[in-house]
Each structure stands twice: as C-alpha cells, then as structure tokens.
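Q: the following comprises the amino acid sequence and a computationally predicted model.
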Amino acid sequence: MNKTNFDRARYRHFYNQMCRIRAFERAAIKAKDENLVLGAIHPSIGQEAAAVGVCGNLRREDILLSTHRGHGHTLCKGADPQAMMLELLGKTGGNCGGKGGSMHIADFGVGMLGANGVVGANINIAVGAAHAIKLKGEDKVVTCIFGDGAINRGPFLEGLNWAKIYNLPVLFVCEDNGYSATTNTKDTTAGAGPVARAQSLGLEAESRDGNDVVGVDIATRDLLSRVKKKGPHLLHLKTYRLGGHTSTDPAKYRPDGEADGKWSEDPIARCRDMLKQAGLTDEALTDIEMAATSEMDGIYERARDAAFPPAANAYTDVQDIGDPRSQAF
Amino acid sequence: MNKTNFDRARYRHFYNQMCRIRAFERAAIKAKDENLVLGAIHPSIGQEAAAVGVCGNLRREDILLSTHRGHGHTLCKGADPQAMMLELLGKTGGNCGGKGGSMHIADFGVGMLGANGVVGANINIAVGAAHAIKLKGEDKVVTCIFGDGAINRGPFLEGLNWAKIYNLPVLFVCEDNGYSATTNTKDTTAGAGPVARAQSLGLEAESRDGNDVVGVDIATRDLLSRVKKKGPHLLHLKTYRLGGHTSTDPAKYRPDGEADGKWSEDPIARCRDMLKQAGLTDEALTDIEMAATSEMDGIYERARDAAFPPAANAYTDVQDIGDPRSQAF
Amino acid sequence: MKTMTYLEAGRAGLAEMMRQDGSVWALGEDLGRGGVFGQYHGLQDEFGSDRIADTPISESCILGSAVGAAMMGTRPVVEMRFADFALCAVDELVNQAAKARYMFGGQARVPMVVREPSGMWRSSAAQHSQSLESWYTHIPGLVVVMPATPADNKFLLMESIRCNDPVVYLEHKDLWSLEGPVDDQTETLPIGKARVARPGSDLTIVSWSAMFHRALEAAAILATQNVDAEVIDLRTLWPWDRQCVCESVQKTGHLLIVHEAVQVSGFGAEISSVVTENCFGDLKSAPRRLAAPRIPISYAPTMEDEVRVSASQIVEAALTQIGT
Amino acid sequence: MKTMTYLEAGRAGLAEMMRQDGSVWALGEDLGRGGVFGQYHGLQDEFGSDRIADTPISESCILGSAVGAAMMGTRPVVEMRFADFALCAVDELVNQAAKARYMFGGQARVPMVVREPSGMWRSSAAQHSQSLESWYTHIPGLVVVMPATPADNKFLLMESIRCNDPVVYLEHKDLWSLEGPVDDQTETLPIGKARVARPGSDLTIVSWSAMFHRALEAAAILATQNVDAEVIDLRTLWPWDRQCVCESVQKTGHLLIVHEAVQVSGFGAEISSVVTENCFGDLKSAPRRLAAPRIPISYAPTMEDEVRVSASQIVEAALTQIGT
Ligand SMILES: Cc1ncc(C[n+]2csc(CCOP(=O)(O)OP(=O)(O)O)c2C)c(N)n1
Ligand SMILES: Cc1ncc(C[n+]2csc(CCOP(=O)(O)OP(=O)(O)O)c2C)c(N)n1
Ligand SMILES: [Mg+2]
Ligand SMILES: [Mg+2]
C-alpha cells in the first residue's frame, strides 16, 4: 500500500459499507433463525470486499446484476436496506413488494436489475441490458456479478461471446468463493478458470485478491474505464465464503479448520488494519462497526413490525394483456 | 508429403471414400431436385477430406456423432449407402425406417449415433456416450463432429468442461467451413476460435488444414491415441462448404467468386494430385470416381422404386410404457 | 387494401413498427440475409445492422439478452427460427421473461416478442415440426398469439410489439405463402379477440393457425351436406376469447376443437374444459377434440400425414358429433 | 413393513436398483454430499463417486449427457435439483431424450429417469416452486410419474428406473418428510395404475402428488357432512389410468380434479376433457378443476397462499358441485 496515494476517506467509506453489509446479513440470519425470513438466504459473509470494491465504483445510472448471494451488491449499489429487509421478510414496503424475497432482491431505481435464482441466468440478461445501452447510445456500464459455479453453464460462453461481438459495455465479475453450494468448484471446473475462458472469447481479463478491498477498487476502476473504451472485460475475484451456502447450512463438507483459517483473511479485518496503519483509531473504527450494527438491528426491528402484503396483491403485476384480475383461470 | 511414408493403398481407399461421399450427395441433390427427397438436405461437398480423414480412423466399435451435415461421416463410419438413400427418400429400408430423413441419419449398428437437427446438441450426447464407455470400462472412443457455428452454443462449454473433468475418451472435431447457414461465422464468433476455447477448458487442441486428407488422417490418428491415454482432445479442421447451406440455397450472400476460387482447394482434387504424384494413373483415379458415381446412381435408382413405410409405422417405436398403439390420444 | 402473403404481411408489420418506434429492433440468426424464410428480407438495408441484428447461434443468449434489453426500455423482436429451437432458451423465456415483472414487484417490464415459426412443414421430422402453444398458455406472464391470415399476421404482430408483456408469437411455417387482403388503414386489432370467420347454427368449430383453414374447408363441405358449421379463428390463445366461444356453443350446442398440436394436454383440452364448465346445460354433445396423436412427427409423408388433421376428418368428426 | 419418509423411500428405491443392476448410476450437483435435500445421503459411500457422480452446474450437459449414456446401455438417474432448473435442459429432454428412439427408427433406447423435485415449498418464490407436469404429458416419448406417498416413491422410482423409456419423475418438495409404511416384500408397482385411496359414491376427486393429501383431508371433512367422496391418487400422468377415473365417474356422476399447477392448460384440463368425451351421459355436473390461478408464485406467505389449494376449498367446491 502506497500511503501517499491511499485515499483514507474513500476506504473509510468502503469499510463502513462492508460493515453495513455484514451487519445487514447478520440481522437477516437472525431473522431467519427466528423464522421471520421464510425462504432461504445466502449470506456473503467474507465476500464483502468484492461487493464494495466493485459496486463502490458504480454510478447510480450504471446497471448491476447479481446472483442469489446478492445482498451486499444491492446494498452497495444504493438500495435502501430497510426496503431490502422488508423484502427478506416478505413484508409490505419490500423492494419487490414481498413477491421476490432474498433471491430476487432488486432495486431498479438505483440500477440494480436483480438477483437471480438461476445460476448464470444474469449473464445473458446483463449482456442484453448492455446491448440496449449501446443501441440507445447511453453513457452507462453494466456490471454483472456471478459465482465461480456459473462459469460451467452455457450462458457464460454465449454471453461473453455476445458481449465481445457487439463490443458491449459490460464488466463481468466472477466472485469466486471456491464453492458451488456444497461442491468444491475446482472439482467440477476444467482448465485454468474464468480468466482463461474469458480470454479465449476475446475478452481481456484479470484476477485479483477479492478480499483486498483496495485492490478490488483499483482494478475495478481501471477495468470500468477500459470497458467504456473497448467493450467487455472480466474481473476474477478470489474470495472465500466464511459461512455455509445458505444460512442454515453447517458446511460440514469443508475440511476441518478450513473456514477458521480463512477468518484470518476476513476482508473487513484486513481493511480495518489498513485504516489503522493509515492513522484511524480503533475507537473510530469500532464506532463505524457499531453504528452499522445498530442501523441494521433497527431496520430488522422495524421490518418485524411491518405487515404482510394483502393476498390480493398476488394478482398484480403479472401482465397487462390477459391480466389475471380479469381472467385468472 | 514424405513419399517414403506415403501409404498409397490407404489414400487410394480414402480417395475412393471421398468420391463415394461426393457421388452420394450428388445423387441426393438430384433426388431433391426431382422432389423425391422431401425434406432439406445439407450437402458436405468440399468437406469430404474431414469426413474421411477423421472417420477413416474409427473402428466399427468406436462411436460417432454428427450434425445436420452428416452424410459423409455416416457413410465413412460404415453405414450402407443404400439404407441411407432410402432414408433420405423416406422409404422403407431407410436406416431410420423413414422416420428421420437426412437430418437424423444414424446407424447404431456401426456405432453412428446420429446426425442431429439441433446445432451443438450432439456435444452433450457424445460426452454422455463417452461417460458410459468409461463407466463400463470399454475400449472405445467417441468422436463428436460439429460445425464452426456450434462453438457459440452453451453445450460447447458445458460438454468440453464435462469431458475434461471426468477425463472421457472423446475426440471433438470442429469442422469449420466458415459459414453458419448464411452467416459468416467469424462475424458472430469472438476470440481466437475453437482451439483457444478448448484449451481454456483444459483440453489439448490443434488446427489442421481440413482439405488435406493426409494431414487430417495423421492428426486424427495421433489425437485418437492421445484421447485413449489422456482424455478429451479437440481437432479443428479448416475447410470450405463449396455449395449452399442446403441443396436449394444459391448462397448469394458469399462474395462474388469466393466459392469458385475455393474449388482450387477441392480436397478430392488435391488427393487426386497427390495420388498421381505417388504414381497412380489418371485412368485408375477416374475409374474410382466413375465407380463411385455409378454405385450411387444405382443406389438412387433402387431407392426411387422402394415403397413408403406404411402409415401404421407412425405409431411404433414411440415408447413402451404409454405406447400410443394402446393410447394415442 | 393490398394482397400480401402471410410472410410479407409479417415483414410489413415489423417494418411499420420499426418506423413508428425507434426502440423496436429485431435479433436472430441470419436476419441480415432475410432470415431463414425471408421474413426479414430487405429490413437490414432500411434499418441497419444495429436494429436488424445478426446473432451467433446462441438461442439462450438471443432470448436472455432480449430480456435485459427489454428491461432497459427497448422492444426486442426475437427470432427463434423454428419453435423447436426455442427449447434451447426455456429458462430465459419461462423463468426470466415471464416472471421478471412479477418477481421484482412491478419494477421490471419485459416488452418483447418471441417469434417462433411453428408447426409441420413437409418432411421436416421430429425436431423441426412441433406445435407447443399449449405450453406457453400454461405460463403466467406470457401472452400467446397465433395468427392464421396475412392481415392478422401484420396487425397482431404490430399489436404484440406494442404490448408491454412478453408475447410468444407463433407463425405457421405452412402459411408463409398464403395470400390474403391486408387493409392499409385498418383500425388496430386487439389481442384476445377471436373471429367468427363463418357464422353457422349447427355446430361450433374452434381452431387457429394453419388448422383454421382446414376447418373452413370442412365447413364448406359440411354446408353441401346441409350442416351449417360456425367456424371460429381463435387468433390468440392467451388471453382467449371465451365469450365468443361460449356464445357460439350456447347457440349450436356442439363444440369441435381442431388443432395441429398433440391432443393430450393441448390447448383444446383447456377450451373443452372451460366450455363444459360454463355451458354444461347448453351442450347437446360432449365437446370433441381433433388433434395429433401422441407420437413424434415422422419424416416420411405416409407417417407424417398421420399427425395431420384433414378437412375430411373434420367433416367426419362433425357429422358424428351432431349425430347425422 | 417399515415406516419411512418419502425422502428415505426414494433413496432406498434408488439404492436397491443400484444393487440389482450395475448399469444404474446417478448424476447431479452435490450428490456426493447427499444432494440438496439429502435424497442421496450416504449413497456415494456405498456406490462410489463413479456411480453417484458429482457434476458441474451444467443442467444442459447433465441431461444431455444422460441421453448419450442411456443410448450406450447405462441407466442414468438424473437429478435436476428443482423442476425449475430443468428448464435449462429442455432441448435435451424434449428434442433429444423423448424423440431419439423414434427419430432413429427404433435404433436408440433412452432408459433414463429425470428426477425433478417439484411444487411449492414455503416462500421459495417464482423460480423454485413450479409444477410443470402437464408440459411433459404433452410430449410424445415421455413417461410422467408423480408419487404421493413414501411407498409409491420407492416402488415407482424403481419401476421408472427399470423402464426403457425416458421418465420424468416429479417428487414433491413438501412431501420429503412425510412418513408412511413401505412394504419390503411388495410386488412391483406398475406405472400407469391409479389408486382409489378412499372409495366413495357421491363424488370423484382426482388428484396427485401433494394435493392428493389435501383431497384426502377434504374427503374426511366431507364425510362428516354426509358426503361420501371417492379419492383417486393418479400416481402417473402418462400413461394415466382413465379406466379407473371413468369407472369412478360412472358411479358418482361428479368429477372434481385438484392439482397444484396452474389451472390453465394444466393436466386437469386433459382429464376433464377425456372424462366428458367418454362419460358425457353419466355426468350429473360438469367436471370441475380446482388449481392455481395463472399467476407466478410469490414469496410472501399471504400471496403465496393464493396459489395453494386448501382442503377447505376442496370441501367447498365439492359441496357446490354436487349441489348440496
Ligand atoms: C441453473 C441452476 N442450477 C442449480 C442451482 C442451485 N444452486 C443455487 S446456488 C448454487 C451454487 C452456485 O455456486 P456459485 O455460482 O459459485 O455461487 P455461490 O453460491 O458460491 O455464490 C447452486 C448449484 C441454481 N440456482 N440454478
Ligand atoms: C440450436 C439451433 N439453432 C439454429 C439452428 C438452425 N441451423 C441449422 S444449421 C445452422 C448453421 C450451423 O452452422 P455450423 O455449425 O457451422 O454447421 P454447418 O452448417 O456449417 O455444417 C443453423 C443456424 C439449429 N438447427 N439449431
Ligand atoms: Mg461459489
Ligand atoms: Mg459451418
């Protein structure tokens, strides 16, 4: 770390964002444990640097697509955590009006076009969003985040090839936490991985330590500017999922001690250390962390009290022609 | 060409096979023009060296999968051209009993598991065939031929990744004629092409002049032995489709003179030249060609006279449980 | 009023919408060379290669990217080439396009048209001949349109492009060369309205797409036998015009549904069930379906014809049904 | 006789077939760790990682490779994890698996079982809850099985694995923990036979999978109101036991079909149509369907419940239908 170039305010903010993501997810896990989140949630604890380092570089008008593990990305793109928590609890006021839940979290108002329940499906959709941007001549980029497991699905090839042919403004980000659900992704992935695959499709691509928020930030900034000039690129971020696949997964399939060992690379702790070296006090950093926790705890409290959407809402927003409100059967 | 190593008998046979493929397809085109082939046919005129150089190395027990442009591959794998022609005409005695036609030509008896009407679909099926071979511990290889257009479909990625993970005995052959129907494939293909893509998936891969039957033969022989030892490989064969996408396509979308120019690289003419250099006489070579033509013309004549399958056959070979012969509606 | 083929009318409808609305564009394989049947012939010259976009053979990305492009405010018209190849992109259509608006609580709109040339075409065999319209009617979020005439192919396509929902638009390959009158000044044609193409009093025949023409032929033959059949072209399968069908059945008491798709779980079953549910007291006979047996489609004409419903089969079924 | 859960019974059935027949193997994501619901727990220990194969997230290749492996004489059991993800492999199932035997004139056999955990499961929303069984009944070449009880899940799975056709085998996610008796020495259970689970004389209720249990509950309530409902578990949707259903309707005169899938073009429509076609004179009322409205499935329980058919809705529908 080059201290003279180190932008303390920026990384203080990034630290804050990482703490907020973690606090949000801890509150969400609690909500799940208390049976207030009824569907599955996929926490990103341990992967916050990827979310913040990437999404911290996006403008509001830029477009983001995410995965089933998308709380951090969504929050960092500017979505209101209260609306997100309400959505996780299936309550009125949720981003998706309670229709989507965690796996379909989205906030189109801030350019976040959705988490997706189908691994890899967001790649094609992202490419199409970028295609529209190009057709309309808009100055926006699309960032499409997917997991290491997604690179084994057809859309990875079809979408990246497409983006390159039409020279579309998309940054593909492979957030590689080493696992595809309970499977070690390397056991099901041949070849050298996402960078090599992207390069074979004509994209420039690079790998970074996904737990180093500064490195992710710098790489993203650089790649986004290249995306604007030269079309699609891929960023591969190596990270680790500190918890289970879902919040209720004990993740016993991992070698003993693996996760414990990885806590030493916790991106939040690493950022904290950096900020301390850069002169921030322990107190200041702890304050940030505690403020994040109390923000998200408060959000959870308020979400608990909210009402479920009325059953009649089930019939809205299906379609205009053939609307089920006039013909549901 | 190293004359001392040149196996004259082998390439005389290969020449014969190429002539037979061309004669078969010329007869088929005539049959189409005479409205006796009712569906579409996709001739491989100009691509015969790929078919013969590859399939000439397969044993009867080896497995082959092909595409919509599969007459040459099928014939060379050992299928009876009479049964093939009957199939193209939809007649009794066709390989598929008249149910499949040109696009579904198959002869399981010689290990030819079918042409396929869906671009790229044979890749996954081939991989599965190889998976079964590995599970059963059999000494067989699978060869899967597809076009340059197929490398832009998801199965290319999913299938090659799969083959490498499980280390399956498959030789993938990309028969690259430069076109995907009426589209110049390079306009829709990003990156360096099939070899780079295969390599990014961990496969060894190489490119060859697909109109040089000797080169194709040598490369295939070498790759098949590597497949047996080390799992999947890819062979990229650069060739040219001298006719239209289908027999009725005038191919006006090609630059003026392009096809004319490519006739100078006609693989059959090239092989003929080689054999002449190796001492075969013009007469001998013309005899081979004429014998092929008269064989296939005779086959077409006999196919004309054959009967259509009875309508009742439409109900056979659908399924055992829920057989339409007892419950078709 | 002009005479146009079904194919030309579809092309004219697309061109007209592209002129009216700069956000409309089309994407698919070979479109720059007119598309596989010539439905896009000349359009790249007029609209350029950005708006008539040639794509790789990547059905999953063709359809999936259209979802993203639609969410971002364009109106993609997706060409699937053959309805059968749309099976390479079902996640994109069913899990993504159809559900996005709902799943995201109304934040997304997915105005796109998925053109899927459908149905049998001489000797195209099992992977190039399918009629899967009933699948799409089963999926919430999708609109399903199946034009039978040139005029409908122009105006229903235009209306489908204007629609804010994902529309599965199934043209029939055997109708491409069908000629018919197309009115230049027509009022718009609403999606969801059936057409009573031939009024009659003895029996209701409901059909759509290519089979509608067989039904009309059959009605003409029936007329010579003093049977006055009412023939309805359903035009749109979702939403479908049950009022039109039910009113007809209330009048005739007999319903015969004719479609090309496999009968088992075809859309005829839905129509039959709804009519029985709503008009039980009016029915003089059980609603009948005439459709394909549950077998794949063969290449050889003798066997292929086993899955083709002919006018004479319709006549026979009609006569049996009314008990003549 | 043992008591087992639906999940355990499925696992036991697979294990038994794997012991009996060395050509049977299973493939899917995470199978080595038991699969997403634990249906494969312990099987990799017994059978090794070749026969309980962990796959990449490549649904298209999972299903497509199984087609090739089946053609080569093995019997793959394909795990699709959620029925919704099978939509990533529709070409492989519909254009390849279902048609290969036919298209190649009987040269190919494709003995494979595609397990697709199906249906609603609390708050799983639109991409993890669908019931698409009617789609598969529409496709020639496919067998469609939907077990409702632990015993059926064992024996129908075994029979499906023995079957030489591609079988779409839809287990219901809400039934995994359902317990029931499973006979060790049972005779084999033929595919295509329905079960009259509760004989009755006033009304026939036909259902399958999870909804069958709601139908049974409803019948118990109806009994307290002096309505004697006959409840049929269809078990297999193709081929389906029309004889059993028609005989029942001939006796009761009333048919109520209950399923979880969307009503429009659901399999209930096929049953209703066939029964009307065959038993018109026996019907005292129009066959009725009780199923989901044509809306995607919501996450929030209030809205999700709108697509759940309850026992009390069945009771109400039954009472209305028989005119009590
Ligand atoms: C097409 C598809 N197949 C399977 C699943 C089930 N599934 C959900 S998440 C997941 C693992 C994804 O791994 P990765 O892409 O690495 O993302 P991560 O969960 O690690 O963030 C799987 C297999 C799915 N949602 N979609
Ligand atoms: C999935 C799919 N998409 C589109 C088609 C239509 N189609 C048939 S052949 C063809 C071109 C294929 O090009 P290539 O793979 O290079 O093979 P070639 O025809 O050149 O032998 C296309 C697009 C198809 N059959 N399947
Ligand atoms: Mg992962
Ligand atoms: Mg080609």
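A: That came through, no problem. Note that the structure is predicted; figures quoted are calculated from it, not measured. Ligands and ions are numbered 1, 2, ... in the order given.
Q: got the buried residues for stretch A:314-325?
A: Across stretch A:314-325, burial judged by 16 or more other Cβ atoms under 10 Å in any protein chain shown covers A:314-319, A:321-324. Heads up, the C-betas are built off the backbone N, CA and C, glycines and all.
Q: OK, now which residue of the stretch 151-300 of chain A is nearest to ligand 4?
A: A:Asn161 (15.6 Å; Cβ to the ion).
Q: and the helix or strand hosting that residue, is it in reach of chain C?
A: Using DSSP states H and E, A:Asn161 falls within helix A:154-165. Yes. Using Cβ under 8 Å from any Cβ of the partner chain, helix A:154-165 reaches chain C at A:154-155, A:158-159, A:161-162, A:165.
Q: of those residues - the most surrounded one?
A: A:Gly159 (36 neighbours; other Cβ atoms under 10 Å in any protein chain shown).
Q: and the gap between the residue nearest to it when sequence neighbours are not counted and D:Glu277?
A: Closest residue in space to A:Gly159, ignoring its immediate chain neighbours: A:Ile123 at 3.8 Å, by Cβ to Cβ, 6 or more residues apart in numbering or on different chains. Per Cβ to Cβ, to the nearest Å, A:Ile123 is found 47 Å from D:Glu277.
Q: for the two, indicate the residue with more neighbours.
A: Remark: of A:Ile123 and D:Glu277, A:Ile123 carries more neighbours, 33 against 18, as counted by other Cβ under 10 Å.
Q: what's the distance between the more buried one and B:Gly111?
A: 37 Å.
Q: check contacts around the one residue in chain A that gets nearest to chain B.
A: Per Cβ to the nearest Cβ, the residue of chain A with the smallest distance to chain B is A:Gly154, at 1.7 Å. Residues in contact with A:Gly154 (Cβ atoms under 8 Å, 6 or more residues apart in numbering or on different chains) are A:120, B:153-155, B:157-158, C:60, D:58, D:60, D:88.
Q: what of C:Asp184?
A: C:Asp184 neighbours (Cβ under 8 Å, 6+ apart): C:1-2.
Q: ok, and the closest non-adjacent residue to A:Pro194?
A: In space, A:Pro194 is closest to A:Cys174, 4.2 Å off (Cβ to Cβ, 6+ apart).
Q: helix, strand or coil for that neighbour?
A: strand (DSSP: H, G, I helix; E, B strand; the rest coil).
Q: how confident was the prediction at C:Thr324?
A: pLDDT for C:Thr324: 70.
Q: report the secondary structure state of it.
A: Assignment for C:Thr324 (three-state DSSP): coil.
Q: tell me how many other residues crowd the residue lying closest to it once chain neighbours are set aside.
A: Among residues not flanking C:Thr324 along the chain, C:Val227 sits closest, at 6.6 Å (Cβ to Cβ, 6+ apart). The tally of other residues near C:Val227 (other Cβ under 10 Å) stands at 19.
Q: tell me which element C:Val227 falls in.
A: Using DSSP H and E, no helix or strand contains C:Val227.
Q: wait, it sits on C:Glu316?
A: No. The criterion here is Cβ atoms under 8 Å, and C:Val227 misses it with C:Glu316 at 11.6 Å.
Q: what do those two both touch?
A: With Cβ under 8 Å, 6+ apart as the test, C:Val227 and C:Glu316 reach no residue in common.
Q: pull the number of nearby residues for residue 302.
A: You didn't pick a chain, so chain A it is. Counted with other Cβ under 10 Å, A:Arg302 comes out at 14.
Q: not quite, I wanted chain C
A: Neighbours of C:Thr302 using other Cβ under 10 Å come to 19.
Q: again, but for C:Arg122
A: Neighbours of C:Arg122 using other Cβ under 10 Å come to 12.
Q: and it, how close does it get to C:Asp305?
A: Separation of C:Arg122 from C:Asp305 (Cβ to Cβ): 10 Å.
Q: all helices for the stretch 151-300 of chain A, in order.
A: A:154-165, A:194-200, A:213-230, A:258-262, A:267-277, A:282-305 (DSSP state H, counting those that start in this stretch).
Q: over to C:Val114. Which of the three states is it?
A: C:Val114 - assigned by three-state DSSP - is strand.
Q: what is it paired to in the beta sheet?
A: C:Val78, C:Val168 (DSSP bridges).
Q: hmm, A:Asp266 and A:Tyr46 touching each other?
A: Slight slip there: residue A:46 is Gly, not Tyr. Yes. A:Gly46 sits in contact with A:Asp266 when judged by Cβ under 8 Å, with a separation of 6.4 Å.
Q: just the CA trace of stretch C:17-32, in CSV.
A: C-alpha atoms of stretch C:17-32 as CSV (Å, rounded to 0.1, in the frame of the first residue of the first chain):
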residue,chain,number,x,y,z
MET,C,17,-43.5,-0.7,-36.1
MET,C,18,-39.8,-0.1,-36.6
ARG,C,19,-40.6,3.1,-38.4
GLN,C,20,-43.0,4.2,-35.7
ASP,C,21,-40.9,3.4,-32.7
GLY,C,22,-37.1,3.7,-32.6
SER,C,23,-36.9,1.4,-29.7
VAL,C,24,-38.1,-1.6,-31.7
TRP,C,25,-35.3,-3.9,-33.0
ALA,C,26,-35.0,-7.5,-34.1
LEU,C,27,-32.4,-10.0,-33.4
GLY,C,28,-31.7,-13.5,-34.6
GLU,C,29,-29.6,-15.8,-36.8
ASP,C,30,-29.2,-14.8,-40.4
LEU,C,31,-31.6,-11.8,-40.2
GLY,C,32,-29.2,-9.7,-42.3
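Q: tell me the buried residues in it?
A: C:17-18, C:23-32.
Q: do stretch C:302-313 as well
A: Buried, per 16+ other Cβ under 10 Å, within stretch C:302-313: C:302-304, C:306-309, C:311.
Q: contact partners of it?
A: B:90, B:98-99, B:308-311, B:313-315, C:120, C:122-123, C:211, C:214-215, C:217-218, C:221, C:258-260, C:290-293, C:295, C:297-298.
Q: of these, list those near chain A.
A: Okay, of the contacts of stretch C:302-313, nothing touches chain A (Cβ under 8 Å from any Cβ).
Q: now do the residue positioned nearest the centre of chain A against A:Ala51, distance only.
A: For chain A, the residue nearest the mean C-alpha position is A:His73 (3.1 Å; Cα atoms, centre = their mean). As judged by Cβ to Cβ, A:His73 and A:Ala51 stand 5 Å apart.
Q: residues near the residue in the stretch 201-329 of chain A that ligand 3 sits nearest to, how many?
A: Distances between the stretch 201-329 of chain A and ligand 3 by Cβ to the ion are smallest at A:Arg241, namely 6.6 Å. Other residues near A:Arg241 number 24, with proximity taken as other Cβ under 10 Å.
Q: what sits against it?
A: A:44-47, A:177-179.
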